[in-house]
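Enquirer: The following comprises the amino acid sequence and a computationally predicted model.
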Amino acid sequence: MSLIHESKEMILKEHEELIKKWESIQKEISSRVVEFDSFNIFSIPESGLALREINQSEPHTSRSSESLVENSSSEKASSSSIPSSEADHQVPAIRYIGGVDVSFFKENEGRGMACVAVLEFPSFRLVYENVKEFELTVPYVSGYLAFREKDILEKMIADIKNTHPQFYPQIIFVDGNGLLHPRSSGLACHIGVETDLPTIGIGKTFLSMDGLRWNEEEYKSQFQKKGDWVRLVRYGKTIGASLRTNDKSIRPVFVSVGHKISIETAVRFVNDCCIYRLPEPIRAADQIGREFVRVQQQKEHPDSEKSKKRSSEKVGKMVWVGSAGEKEAREKKLKGSFYYWKPDKKGDEKEGDESKSEKEKEVCDKEMENENVVSTGSSKEEKKEE
């Protein structure tokens, strides 16, 4: 028996009673997950980005994005008595999408930094951000990681509704799996069921489990461009998808249903939200959270080598400053976005992207003042200072 296996067995035995409780909760969450679209698929603005589903049993066959829309809408029609044309008028278009992510302090495993970011769709303009430091009181047990992060994230999503309802997201992207989980109850399922919002799970790496086949070499040979995807089937049921999200990167992301969305729509939506490998809502939440961790570490350990090395780097809030290559993006029907760090104090030298001229920065700042980006994040130390 390997040391890793021995260690895992010891952890499971140590938390046996807790795991029984968790598995009971996971079973309930899994039973409550809705695997079809809770909104009309045509309420998502068309991006013009093509999707191609690759059939694993027949590598040379594929389905176009048009057929996916037809199939998804027919499934929707079978589950609802409302005609699609009538539903279009009842369901508002998707405008705000949320991204949630948790970053950790390397020197202290008991500290985490949770981030919720809300972006306007399809411009990907950041309209709301909130970052909170929290203590990790739940033990780390593989397969039950949702219980470490779900409470703080669910509370932060509820805070948006209470404090800034105009930016309450219509769909949430979760850095973690949904149904693509040994007990079909990943973090995206927990958040979706508890908040009653459509959620999509985004896995950065493949989660191995019994009954699930995944061949990376086969993927590399078949996936030729952005939008190529294949279903992940376990015991005859689709529990997720592997999707290539960028023409320049062969590494896929692993998409799964969290709640109130079909796998076809989830794949399409993730593809539409990817400029780089990861979808913009996840990317924004990840970058914002990481920066807050870095700033906090620098404040607490100013004499460390890393702090000295980074002392001249930009520090401040992440804000959206426009669409990258906006004219070219419109022509290609693609949306690009970028972020830069706005200094907290006047006089800081590095004000965001160094490639921007001072005039461009002034224009960006004026745009941001007009757009009212909401930032509510603060660390424990920052709260004390206030």
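Expert: Sure, I can see it.

Enquirer: Pull out the buried positions in the lengthiest strand in the chain.
Expert: In the chain, taking DSSP state E as the definition, the longest strand is strand 108-120. Using 16 or more other Cβ atoms under 10 Å as the test for burial, strand 108-120 gives Arg111, Gly112, Met113, Ala114, Cys115, Val116, Ala117, Val118, Leu119, Glu120. Placement of C-beta: from N, CA and C, glycine included.

Enquirer: The fifth one reaches Glu133, doesn't it?
Expert: It stands for Cys115. No: counting by Cβ atoms under 8 Å, Cys115 does not reach Glu133; the two are 10.4 Å apart.

Enquirer: Quickly list what's touching both of those two.
Expert: Overlap of the contact sets of Cys115 and Glu133 (by Cβ atoms under 8 Å, 6 or more residues apart in numbering) consists of Phe292.

Enquirer: From the buried residues of strand 108-120, pick the one nearest Ser185.
Expert: Checking those against Ser185 by Cβ to Cβ gives Ala114 as the nearest, at 19.8 Å.

Enquirer: and the closest residue to that closest one other than its chain neighbours, what element?
Expert: Leaving aside its sequence neighbours, Ala114 sits nearest to Ile152 (Cβ to Cβ, 6 or more residues apart in numbering; 4.6 Å). With secondary structure defined by DSSP states H and E, Ile152 is part of helix 146-163.

Enquirer: cool, Gly289 as well?
Expert: Going by DSSP H and E, Gly289 is in helix 280-300.

Enquirer: where along the stretch 101-250 of the chain do the strands fall?
Expert: 108-120, 126-135, 171-175, 199-203, 228-234, 237-243 (DSSP state E, counting those that start in this stretch).

Enquirer: quick one: pLDDT of Ser311?
Expert: Looking at Ser311, its pLDDT stands at 49.

Enquirer: My error: substitute Glu351 in the last question.
Expert: The per-residue pLDDT reported for Glu351 equals 34.

Enquirer: go on, Gln296?
Expert: 87.

Enquirer: And for it, the neighbour number?
Expert: By other Cβ atoms under 10 Å, 19 other residues sit near Gln296.

Enquirer: before we move on, the earlier item: out of the strands of the stretch 101-250 of the chain, the one nearest Lys260 is which?
Expert: So among the strands of the stretch 101-250 of the chain, strand 199-203 is nearest, using Cβ to Cβ, at 7.3 Å.

Enquirer: Which residues does the closest one contact?
Expert: Residues outside strand 199-203 that contact it (Cβ under 8 Å, 6+ apart) are 171-180, 186-189, 191-192, 240, 253-261, 266, 269-270, 278-279, 282.

Enquirer: swap the cut-off to 6 Å and go again
Expert: For strand 199-203, contacts defined as Cβ atoms under 6 Å, 6 or more residues apart in numbering pick out 172-174, 176-178, 186, 188, 191-192, 253-254, 256, 258-259, 266, 282.

Enquirer: before we move on, what about stretch 263-271?
Expert: By Cβ under 6 Å, 6+ apart, stretch 263-271 touches 37, 41, 49, 51, 68, 72, 200, 227, 229, 238, 241, 243, 255, 257, 279.

Enquirer: can you put the strands of the stretch 101-250 of the chain in a markdown table and add distance to Ser249 and mean pLDDT?
Expert: Formatted as a markdown table, the strands of the stretch 101-250 of the chain follow (distance: least, Cβ to Cβ, whole Å; pLDDT from 0 to 100):
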| stretch | distance to Ser249 | mean pLDDT |
| --- | --- | --- |
| strand 108-120 | 21 | 92 |
| strand 126-135 | 23 | 95 |
| strand 171-175 | 17 | 97 |
| strand 199-203 | 15 | 98 |
| strand 228-234 | 12 | 94 |
| strand 237-243 | 12 | 95 |
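
Enquirer: Having no further points to raise, I will conclude here.
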